[in-house]
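Colleague: missing the sequence, but the structure's below:
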C-alpha cells in the first residue's frame, strides 16, 4: 500500500508545471510506495498561484515561501524559482527538516552551493537537483551501456546545447520567463542554464572533468530591462564554448548558445570509445544512436535504437513498443526514483553534492572565459 | 469556471490506461470548460478493476457494464473493451442517454456499425470514436496545410502500419492483450486494428475512398487459444495490403502487417500534391516532413518540421519550443476537443458516423481479399 | 596483361553517356582482363555523334547502326536507344556474332523479348541487360546478406520508384529525353521505365513473382507531341501500383509514378524476414539499412551501414572508407563484371533471359491494370 | 576547340589516383578549353609507376621528379607526395615555369609555405592547392547561399573531421599510406591532414580567423616505424580541438580526431546566421541542410536539399536530378575550374597564397596546444 507524501511547490513558472505534472502522474504509472499529494502551491503573485492551484489541483495556496516552510503538513519542498533564490529557500527548508527537490543549476556560484550542500547534509534530508535529462530513457540507457563496459577506453566526449530564442534584439531581459536573461536572477547565461545540463550528464557518464578552457560572448550587448524599464547592459553569456580534459584521459568539446538559428533545444552528446560509440539528441529524445565496432563488418553501422521496448529503462511503465514518450516524462521518472529511494531510505542522484560538482565546472568555465587561460576544476 | 463531468470507463486494458491518463491530464493543460471526474471504472475482473481504480484514482468500481450504465451520476461512458462488445454497450449507453467515447474500430462490421450510428443519432448523444492519431499535432498540422490548399491537386496517397510483434509461432491467440489475434473478439486482424487508423486519417485528409483491391495473408496458420487451451486455426489477417482510388482521382497504396521485422508501430503516410507533398511517421511523431515545389530551387528540399513551437496545433498548451510530446498526448487532445465541443453543443469528429465510413472501407478491403477482385466502397 | 575489346555504342543520350563513362573508367579501377576501346559511336544525328565522339574519345562515328554491325572490328555492341528499337538491333547484332549489352527494359513486350532471347542464345553471344542498380554496392550487399540466410523466412517485400518530372502539363511527349512519354517509343510509362528496375531487383533478391493485381493512371491525358506538333492522347502510364505474391510465399507492394512531388529518383526497397530486415534508398545509395532481431535487445535498432569500407562489394577498388561513390559507378561495376565473365567464358546476369522474366511481370502488371483482375505471371 | 595540356603527376598514392581520375574525366563532362593529356607519371618506385601508368594511361614514366620538371613537354605539374616534399618540388616547378597543382596541406609549416608562395608568385605560374571539398556541389552551394546574404550576421561556425582508422595500437607509423602517422613526413597529425580541410572551408565561407585556443592529444604514444623497424615515439597529434574567433565576430569550435569510433570521414560543418543556418556532412555529401527563419512558421524546418538538380553547382554536367555523384567528383570540378581559369588567364582558388592562410591557422593551433594559451593568427 502506498503512503501519501505532502508536497509544497514554490514557483508557478515553466518548471513549476513540469514538476506538478510529475507529481500528478507518477503514481498512475509507477505505483510508487509514496504517493505525492499536491498540498500547497506558493508564488508571490497570489492570482497566479490561485489559477495554478485550480489548474493542477493544489489544495492550498501560499504567497510567502517562509510560511510554506513553517507548515507542519508539508513534507517535500520543491523549489522552482529563479536561481538567485535557491540558496536561501533551500537552506531554510533543510533547517525545517523538509525533503528538497531543487531546480538546476544548484546555485549562483560554488560558494552558495557549498552552503547549500552543508545545510542539507547537516539536516540529513533527502535532496535532489532536477537535472532531468539523466532520466530520459535513452540517456539512462547510455549510462547502462557505459557501465556495462561496452565502450572500452573513452577517447572523446562532445556535447552541445543549441537554442535560438534570444536572437531578436527586441527581447527584454527580465520579466517572467525572461529572468534567464537577467544576470542578477540567473547568475549566468547559457553556462548555468544549458551547459549545466551537459556537464551533469557528462560527469555522470564519463567521470570528473579536470580542466577547461572557455570562451563566452554576449552578442546583444544591451537590452531593455522590464523591471527598470531602462536599456541596460546585458550581463549574461549568450554563448559559451569550452574544451575540457576528463580525469579518465578523454578530451571534450562543449558548446552552448541561444543564437543557433534553427535549433530550439538541441541538446546532443556523443561519446567515442575504443570499441563503441554512443550519441543522443534531445530533438529526438526517444532514440539512441549506437555503433559497435565488434559487429560483423558487413553489417556494421550506427544503430538507431527506438527506446520504447519494455526492457528499456522506465519503459515498461508506459505504453507498448513503438510508442514514444516525451520531455515531461523525464520529470516523472525523477519523481519515481526519488520517492522510491526515500521510501527505502536510500540516496538517489543528482544530490546537491553531485550538483556542486557541476557548479564547479561552470565556475571554472566562466573564470577561464574571463581570463583566457586553462583553469583547473577545483 | 469549469464544470465537472463524470466519467465511467469500461475496460482496464491498454486503451483504458490511455483514456484514463487523458481524463486526468486534460484540465491541467487545456483548462477545458468541462473537467472530467473519474467516477467509475468497470471491468469483469474485480481485482483488476480495483487495482486500476487505485492506480488512476477512480472513485468507484463496477464489474457489470450494465450497472454502470444504470448509474445516474455517470455522464460520459468510455468503451475500451474488445471490438466484439462495442455494439451492445454503445447502443445501451445511447439508450441511457450517455455521451459516448468508443475505442476503434467502431464495430466488427458495417452492419453492426450502422446499428450503432442509428442508436447514437436517435438518442442525440455526443459520440466519438477514438482514432487518436488525427490529434497528433503533426497530423493535425498536415490537415491544416491541406485545408489551406498548399498541396494543389492530389495525385498520390500511401500509408503503412507495420509491426512485428506476432512473428513468433509460440504466441497464443486470446488472453488479455492477445485478444487482437482472436478473430471472434477482434473481427479481423491488421485490417480493423491498424489499417482502420490509416483509413480514418486518409479519409480525413484526402476525402472518400471509392474502390479497393486487396490481398491478405495469415502467415501462422494455427495458434494455441488461451481460452480453449487448444491449437486452433487463426482467423485473422496477419497482413493486408490494398490499392485504392479516392473520389478526388488520386491513387493510394495501403499496407499493414505484424510481420515487418524491425518496426514496432511504424504508421507512416505520405501525400503527393501538384505543388507540395507531406509525410509523417509515428516513430518520430513530433516531426512532419514537407516539400514545397514553390520554394526557390536552390534551397528546395524536404523540410523536417519539429512540431513543437507554440503556433503548432495544441502545442501552446504544453512546454516550450524544441521539447517534444509523445503518443499519449493525442488522447489528451481528443478529450480536450470533445469536452470543448460538448460544452458548446457542437459536434467533433470522428463521430460514429465518420467511423462507419472507415468501417465500410475495411469491409470492402476484406471482401476484395476474399474475392480477388476490385470492390466498390458501399 | 589485359587485351583490348572494341566497343561500338549506339545512342548518344543519357544512357550512352553512362555506358561510355563506364567503359572509359573500368580499367582504371578494376584492371579487367579485357580493356574496352571506344571504337565507334553511332547515332542517326551525325552532329550529335561527332560531338559525342570528341567528348568521350570514340575513334569513329557511324550514323547507321547496320553499318556498325557490319564492321569486323566491333566486338561488343552496346544498345542505348529507345525501347522500340531494341529488338531489331539486338537480333541483328546477335546474328553478326557480337557480344551485346542492351539498355533496359529488354523490349516493348514479352513477344519481342522472347525473339531476342532466342536470337542471343542461338548465336551464343555474351549478353546482358543494363539493370544497373543490382550493382550499387549497397544493393549487392543486400543480395549477399540474403544469400547468407540472414533474413530467414521472408514475409514482405515493398518497393517504390517515385519521380516528379512530368507533373507539368506543358511538357511535350517525344523529343530527345522525352521519348519516355511517347508510348510508341517507350512501350509503357513508369512500368517499363521504373518498375522494371524494381522488379529486376526483386526477383534477384527474392525469387519469382507469381501473380499481380495492378492499377495504372495517366494524370495528364493529352500532351503536345514534338514530332507531329499536335496535341495527342498520352498513351503511357504516369503511375502504376501493384500487389504481388512471390513464389516463396511473401507478399509485395510495388508503386511507381512520375507525379510524386519532392522525389526525383526515389527508388527504395525493403524486405522483411523473420530474423532481419533490409532497406535501401537510391537517394542515399551509399547506405544500407539493416535490422537484426538477434541483436542484444538493449542495442537493437536499424543500422545505417555506410557502404564504403574495403570489404563491401566493389569498394576495395575505389577510395578509402567513408568516401562515397555515386550513381555512375553502378555501370562501371556492370562493365567490370561483364568483362571479367567474358574473359573467363562465364555468364553474368542479368542476361536477356533474366530480363525476360522482368518483362513478363511488367506485361502481367499492365494486363491486370487493363482488366482489373489478378493476373498470373506467365 | 579544346587544346591539349600535358600533365606530369608525381606520386602514385591515393591522391595520385584521385587526380588522375579527374584529368581523365574532366573533358568528358566539362568539355574544358584545355584537355589534359596524361603525359608522365613519376614515382621513386619504378614498378609502381609502371603499373600506375598502365592503369591510368600515362604515356611515360619517370622515377626522378627533377627529370620530370626538366621535360619541356610537361606543362602542368601535379604534386601528390607526402607533405615534407611539397616545398622542394613546388619551388623547383615554379622555377621551371610549370603550372602547379599541389596536394594539401601546402607545407610542413608557415615558413615553408611562405617560400612556396614567393616562388609561384615570382614565377607567375598558375597554382592551386587541392582543398577539394570546396568543390563538392553542396559545399559550393553553401558558399553561394552565404554570398547571396541569406544568412545575415553570422554567430557561429562549427566543424569536425572525425575518423577512427588509427585506434589499433598495432598500426605502424610510416609505410605507404601510413606516412600520415610519421611526423617527419606529415609535419602534424590531424591538424594538417584533416583540420586543414575544415579551416580552408571555414575561411572561404566565413572569412579570416583571428585567434585560437587548442588542445591536442596523442592517445597511442609509441608505434613501430616501418622504416626503422623500431618502436618509436609518435610525434603527431591523434586528436586536436580548438576554439576560435573569426574576424566577423562569430565564434567557432573545431575538432578532429582519428579515434572517433564509428566515423570514417565525418567532415561536417554548420554555420548559424541571424536569418538562416546551413549544415553539411561528408558522409552524405550530396545533401545540404538549410534552415530559413523567414519561412512561414507552420512549415519551417531544416530542409534536406538533395543537391542533384541541374541548377545546382556543377550538376548540369553530370546525370539527371536525383542521381548522386560522389567524392571523386570534387577533384573533377577542381580540374575543370583550374583549366577554365588557365585558359582565360584568370586565377582560381585556393591558390598557394590562400593555402598559406590555412597554414597559419594550423600553426597557431599547434602553438596554442603546446603553450596552453590563446594565440593570434599571424
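Modeller: Arrived safely, thanks for sending. Being a predicted model, the structure only gives us computed values, none of them experimental.
Colleague: Pull up the residues of the stretch 1-150 of chain A that are close to chain B.
Modeller: A:14, A:17-18, A:20-21, A:24-25, A:27-28, A:31, A:55-57 (C-beta under 8 Å from any C-beta of the partner chain). All C-beta atoms are positioned from the backbone trio N, CA, C, and that covers glycine.
Colleague: try 7 Å this time
Modeller: Within reach of chain B by C-beta under 7 Å from any C-beta of the partner chain, the stretch 1-150 of chain A has these residues: A:14, A:21, A:24, A:28, A:31, A:55-56.
Colleague: Give me the most central residue, chain A.
Modeller: residue A:131 (2.5 Å; C-alpha atoms, centre = their mean).
Colleague: before we move on, the earlier item: any chance of JSON lines for the residues of the stretch 1-150 of chain A next to chain B, columns neighbour count and pLDDT?
Modeller: Shown next, in JSON lines, are these (neighbours: other C-beta atoms under 10 Å in any protein chain shown; pLDDT from 0 to 100):
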{"residue": "A:14", "neighbour count": "16", "pLDDT": "95"}
{"residue": "A:21", "neighbour count": "21", "pLDDT": "98"}
{"residue": "A:24", "neighbour count": "19", "pLDDT": "98"}
{"residue": "A:28", "neighbour count": "18", "pLDDT": "98"}
{"residue": "A:31", "neighbour count": "14", "pLDDT": "98"}
{"residue": "A:55", "neighbour count": "18", "pLDDT": "98"}
{"residue": "A:56", "neighbour count": "21", "pLDDT": "98"}
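Colleague: mind checking the SS state of the residue nearest to residue A:31 when sequence neighbours are not counted?
Modeller: Spatially, and ignoring its direct neighbours in sequence, residue A:31 is nearest to residue B:55 (6.2 Å; C-beta to C-beta, 6 or more residues apart in numbering or on different chains). Following DSSP: H, G, I helix; E, B strand; the rest coil, the label given to residue B:55 is helix.
Colleague: tell me the domain boundaries of chain A?
Modeller: A:3-132, A:133-376 (automatic domain parsing).
Colleague: now the helix or strand containing residue A:119: mean pLDDT?
Modeller: Mapping residue A:119 onto the secondary structure by DSSP states H and E places it in helix A:110-123. For helix A:110-123, mean pLDDT is 98.
Colleague: what's it packed up against?
Modeller: Other helices and strands packing on helix A:110-123, by 3 or more C-beta pairs under 7 Å, 6 or more residues apart in numbering or on different chains; DSSP states H and E, are helix A:86-95, helix A:352-371.
Colleague: For that helix, buried residues please.
Modeller: Neighbour-count burial for helix A:110-123, counted by 16 or more other C-beta atoms under 10 Å in any protein chain shown, picks out A:110, A:112-114, A:116-117, A:119-120, A:123.
Colleague: what do you get for stretch A:342-356?
Modeller: For stretch A:342-356, using 16+ other C-beta under 10 Å, the buried residues are A:342, A:348-356.
Colleague: So which helix or strand of chain A has the lowest pLDDT on average?
Modeller: helix A:183-186 (a mean of 92; mean pLDDT, DSSP states H and E).
Colleague: List the contacts of that one.
Modeller: Helix A:183-186 has contacts (C-beta atoms under 7 Å, 6 or more residues apart in numbering or on different chains) with A:82-84, A:179-180, A:192-193, A:235-236.
Colleague: ok, now stretch A:346-362?
Modeller: A:104-107, A:110, A:113-114, A:116-117, A:120, A:127-129, A:131, A:134, A:188, A:191-192, A:195-196, A:199-200, A:203, A:209, A:212, A:337-338, A:341, A:377-378.
Colleague: One more: stretch A:132-145?
Modeller: A:197, A:200-201, A:204-205, A:267, A:278, A:280, A:285-288, A:307, A:312-315, A:330-331, A:333-334, A:337, A:350, C:298-299.
Colleague: Enumerate every residue touching the residue located most distally from the centre of chain A.
Modeller: Distance from the C-alpha centroid of chain A peaks at residue A:298, with 40.0 Å (C-alpha atoms, centre = their mean). Contacts for residue A:298 (C-beta under 7 Å, 6+ apart) come out as C:141, C:145, C:311.
Colleague: Go ahead and report the secondary structure state at the last one.
Modeller: Read it as residue C:311. Residue C:311 ends up coil, using three-state DSSP.
Colleague: contacting residues for it?
Modeller: A:297-298.
Colleague: ok, it to residue A:276 distance?
Modeller: 19 Å (C-beta to C-beta, to the nearest Å).
Colleague: how close does residue A:278 get to residue A:318?
Modeller: In terms of C-beta to C-beta, residue A:278 sits 22 Å off from residue A:318.
Colleague: ok, now residue A:199?
Modeller: Distance from residue A:199 to residue A:318, by C-beta to C-beta: 28 Å.
Colleague: ok, those two, which is more surrounded?
Modeller: Legend: neighbour count by other C-beta atoms under 10 Å in any protein chain shown for residue A:199 and residue A:318, higher for residue A:199 (29 against 21).
Colleague: For that one, give me its contacts.
Modeller: A:358, A:361-362.
Colleague: What are the boundaries of the strands in the stretch 251-378 of chain A?
Modeller: Ranges of strands within the stretch 251-378 of chain A are A:251-257, A:266-273, A:276-281, A:287-292, A:302-306, A:375-376, based on DSSP state E, counting those that start in this stretch.
Colleague: Ok, which of these comes nearest residue C:254?
Modeller: strand A:302-306 (26.2 Å; C-beta to C-beta).
Colleague: Count the residues that sit near residue A:231.
Modeller: Counted with other C-beta under 10 Å, residue A:231 comes out at 12.
Colleague: nope, residue A:47 is what I meant
Modeller: 10.
Colleague: Residue A:230 now?
Modeller: Neighbourhood size, residue A:230 [other C-beta under 10 Å]: 9.
Colleague: Torsion angles phi and psi at it?
Modeller: phi -110, psi 160 (degrees, to the nearest 10).
Colleague: Check residue A:137 too.
Modeller: phi -50, psi -40.
Colleague: ok, which stretches of the stretch 101-250 of chain A are helices?
Modeller: A:110-123, A:137-147, A:183-186, A:190, A:196-206 (DSSP state H, counting those that start in this stretch).
Colleague: Quick one: closest of the ones you listed to residue C:168.
Modeller: helix A:137-147 (44.7 Å).
Colleague: Would you mind naming what in the stretch 1-150 of chain A lies close to chain C?
Modeller: So far as C-beta under 7 Å from any C-beta goes, the stretch 1-150 of chain A lies against chain C at A:141, A:145.
Colleague: what stretches of the stretch 1-150 of chain A score poorly on pLDDT?
Modeller: A:1 (pLDDT under 70).
Colleague: Can you tell me which residue of it sits closest to chain D?
Modeller: residue A:150 (11.1 Å; C-beta to the nearest C-beta).
Colleague: what separates residue A:21 from residue A:335, distance-wise?
Modeller: On the measure of C-beta to C-beta, residue A:21 and residue A:335 end up 9 Å apart.
Colleague: Go through stretch A:355-368 and flag the buried ones.
Modeller: A:355-366, A:368.
Colleague: Report how many residues lie close to residue A:97.
Modeller: 11.
Colleague: wait, isn't residue A:239 in contact with residue D:251?
Modeller: Yes - between residue A:239 and residue D:251 there is a contact under C-beta atoms under 7 Å: 5.9 Å.
Colleague: what touches both of those two?
Modeller: With C-beta under 7 Å, 6+ apart as the test, residue A:239 and residue D:251 both reach residue A:217.
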